[in-house]
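Peer 1: Show me the folded form of this:
(one chain, ligands or ions: 2)
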Amino acid sequence: MKIGVIGLGTVGFGAVEILTQQKERLEKQIGEEVIVKYGCSLDEVTLPEEIIYTQDFHDVINDEEIDVVVELIGGTTIAKTIILEALKKGKHVVTANKALIAHDGQEIFETASQHNAKIYYEAAVGGGIPVVVPAKEDLIANEIEKIEGILNGTTNFILTLMETDNLDFDEALTIADGLGFVEADASLDLDGIDAAHKIQILAMNAFEMFFDFNKIQATGIRNVTKKDMDYAKKLGYRIKLIAQAKKLDKGYGIDVSPTLIGIKDIVANVNQAYNVVEITCNYLENVIFYGKGAGRYVTASAVVSDIIKTHKQDMWKHDYQYEECIYPITYSKYYVRCDHPLDIDYETYFSQDKDHIYITNKIELDELQKQLQNETYNLFKVRG
Ligand SMILES: NC(=O)C1=CN([C@@H]2O[C@H](COP(=O)(O)OP(=O)(O)OC[C@H]3O[C@@H](n4cnc5c(N)ncnc54)[C@H](OP(=O)(O)O)[C@@H]3O)[C@@H](O)[C@H]2O)C=CC1
Ligand SMILES: N[C@@H](CC=O)C(=O)O
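Peer 2: Ligands and ions are numbered 1, 2, ... in the order given. Model prediction:
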């Protein structure tokens, strides 16, 4: 497999790194070499020496050896040209470009099918969380009734920081930007447009329909103030930017808007740049997908999986090697209940009645047991 990566920013560079780091394992999976032949961006980037750097995407799409073009520049203009030209040459395409799929998906899928090429875009929704393929394929036995969730990491990150760290909107936005979440045009995030792109893509696959993106109403978070958050909290709610799509008696409801969610609801507790997608369907009822929705390796992980999928549709094989070395996982935090105070490294401690209760810092079990050797105690592992 020979790959050309066009766009070497946050996601593109991450994809090249993962392809380099995981080369051997990926090659074993598909039974052929995985070669990144080109990296393309406007400003020169230092790449492993075997990768050809170019500023001209034509070098990539005109090279007959290239069979997978990875578009990671974003936007709906040059990216569209690259994708359509690559597909017309019969090359498979992988992209994370939700704006383009939401606006021009239909034309792109038709072009792919006319030229017998594949187009994958799992990274376009939910960063690294597998959700597009599950909505399209894994739930195929079901009729999907509703999709609801937090689909924009930047705004969720901002809302979280405003609430928990008492930061104002601009301070939180600056931090998110530094972490590589924010779109080149930040208004896509802040005004709910990015979340609308993503819910449109999910709705398309879940309901097996194309939807005109321009008909989707999106309201962002610019009007959400700290005061609103505090009032919502007093009432037992948290404010989240919610994207939803559901079947109506006639047609479909699809929109994005800031929404109060009961504090005990799972969705209300999805914070930072995490995303969550809740799908309601007739047989499985409710299923929730949760994970990091933005960032370099998070997103590049889905891109690389898609690249491999272009060459390996059927992964359902079990040609594994036998591994004899299996160990218990003993480096952990531990809960310790004891009948008097201990001299151990702990994270949390309280005493009640005659019990002394500790949550230790991470430690090897045998080391902790040594420290407890003269004690009567009860001990459990603590996740985290
Ligand atoms: N960042 C994230 O967390 C996520 C991003 N995405 C999507 O992934 C895509 C890429 O995003 P991201 O990596 O953040 O974007 P960046 O802005 O970080 O990177 C864009 C890259 O494209 C290059 N580029 C721009 N124009 C051209 C051109 N004409 N020819 C060649 N290269 C060009 C830029 O080069 P130069 O820097 O030299 O100008 C840069 O390397 C977008 O569609 C985005 O929506 C999806 C999910 C998450
Ligand atoms: N800007 C987007 C990046 C991922 O899609 C976000 O914040 O979710």
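
Peer 1: Contact residues of the stretch 101-250 of the chain facing ligand 1?
Peer 2: Within reach of ligand 1 by C-beta under 6 Å from any ligand atom, the stretch 101-250 of the chain has these residues: A123, G127, G180, F181, E183, A184. (Glycine included, C-beta is placed from N, CA and C.)

Peer 1: which secondary element of this structure has the worst mean pLDDT?
Peer 2: The helix or strand of the chain with the lowest confidence, counting by mean pLDDT, DSSP states H and E, is helix 226-234 at a mean of 89.

Peer 1: Now do G153 against V304, distance only.
Peer 2: Remark: distance between G153 and V304 (C-beta to C-beta, to the nearest Å) = 19 Å.

Peer 1: likewise I3?
Peer 2: From I3 to V304 the distance is 10 Å (C-beta to C-beta).

Peer 1: Need the overlap of contacts for the two.
Peer 2: L19 (C-beta atoms under 8 Å, 6 or more residues apart in numbering).

Peer 1: distance of R337 from F350?
Peer 2: 11 Å.

Peer 1: Those two - which one has more neighbours?
Peer 2: Just comparing R337 and F350: by other C-beta atoms under 10 Å the higher neighbour count belongs to R337, 14 against 9.

Peer 1: contacting residues around that one?
Peer 2: D355, H356, I357, Y377, N378, L379.

Peer 1: so what's the residue nearest the centre of the chain scoring on pLDDT?
Peer 2: By C-alpha atoms, centre = their mean, the mean C-alpha position of the chain lies nearest to G127, the distance being 2.4 Å. G127 carries a pLDDT value of 93.

Peer 1: What of Y320?
Peer 2: 62.

Peer 1: same deal with Q313?
Peer 2: 64.

Peer 1: now the nearest residue to I344 once chain neighbours are set aside: how far from S332?
Peer 2: Leaving aside its sequence neighbours, I344 sits nearest to Q371 (C-beta to C-beta, 6 or more residues apart in numbering; 5.5 Å). Distance of Q371 to S332, computed by C-beta to C-beta: 15 Å.

Peer 1: Who are the contact partners of whichever residue of the stretch 251-384 of the chain sits closest to ligand 2?
Peer 2: Among the residues of the stretch 251-384 of the chain, A294 lies closest to ligand 2, at 3.7 Å counting by C-beta to the nearest ligand atom. Shown in contact with A294 (C-beta under 8 Å, 6+ apart): G127, G153, T154, G180, F181, A273, N275.

Peer 1: Kindly identify which of these also come near ligand 2.
Peer 2: Answer for those near ligand 2 (C-beta under 6 Å from any ligand atom): G127, G153, T154, F181.

Peer 1: Residues of the stretch 51-200 of the chain that sit close to ligand 2?
Peer 2: Counting by C-beta under 6 Å from any ligand atom, the stretch 51-200 of the chain comes close to ligand 2 at G127, N152, G153, T154, F181, V182, E183, D189, D194.

Peer 1: which of those has the most neighbours?
Peer 2: Neighbour-wise, these (other C-beta under 10 Å) top out at N152, 32 neighbours.

Peer 1: Let me see the backbone angles for G149.
Peer 2: In terms of degrees, to the nearest 10, the main-chain angles of G149 are phi 170, psi -180.

Peer 1: how long is stretch 324-340 from one end to the other?
Peer 2: 41 Å (C-alpha to C-alpha, to the nearest Å).

Peer 1: How far away from the center of its chain is it?
Peer 2: 31 Å (C-alpha atoms, centre = their mean, to the nearest Å).

Peer 1: T310 contacts E122, doesn't it?
Peer 2: No. With contact defined as C-beta atoms under 8 Å, T310 does not reach E122; the gap is 11.8 Å.

Peer 1: Between those two, which is the more surrounded one?
Peer 2: Shown here are T310 and E122; by other C-beta under 10 Å, E122 has more neighbours (25 against 21).

Peer 1: Rank the residues of the stretch 51-200 of the chain next to ligand 2 by pLDDT and give me only the lowest.
Peer 2: Among these, F181 has the lowest pLDDT, at 84.

Peer 1: Backbone dihedrals for the residue of the chain found nearest ligand 1, please?
Peer 2: Ranked by C-beta to the nearest ligand atom, the top residue of the chain for proximity to ligand 1 is G9, at 1.9 Å. Backbone dihedrals for G9, given as degrees, to the nearest 10, come out at phi -90, psi -140.

Peer 1: ok, back up a step: what about the ones next to ligand 2 among the contacts of A294, which are in strands?
Peer 2: Members of the ones next to ligand 2 among the contacts of A294 lying in strands (criterion: DSSP state E): none.

Peer 1: What is the nearest of these to I147?
Peer 2: G127 (16.6 Å; C-beta to C-beta).

Peer 1: Where does pLDDT dip in the stretch 201-350 of the chain?
Peer 2: Across the stretch 201-350 of the chain, the ranges flagged by pLDDT under 70 are 313-320.

Peer 1: Which residues of it lie near ligand 2?
Peer 2: Residues of the stretch 201-350 of the chain lying near ligand 2 by C-beta under 6 Å from any ligand atom: G293, A294.

Peer 1: Quick one: the strands in the stretch 201-350 of the chain, in order.
Peer 2: Along the stretch 201-350 of the chain, counting by DSSP state E, counting those that start in this stretch, strands occupy 217-218, 237-247, 252-262, 274-281, 285-292, 331-338, 346-352.

Peer 1: Now tabulate these in TSV and tack on distance to R25.
Peer 2: As requested, the strands of the stretch 201-350 of the chain are exported to TSV (distance: least, C-beta to C-beta, whole Å):
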stretch	distance to R25
strand 217-218	40
strand 237-247	35
strand 252-262	38
strand 274-281	27
strand 285-292	21
strand 331-338	24
strand 346-352	35
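
Peer 1: quick one: which of the ones you listed is nearest K198?
Peer 2: Per C-beta to C-beta, nearest to K198 of those: strand 237-247, 6.5 Å.
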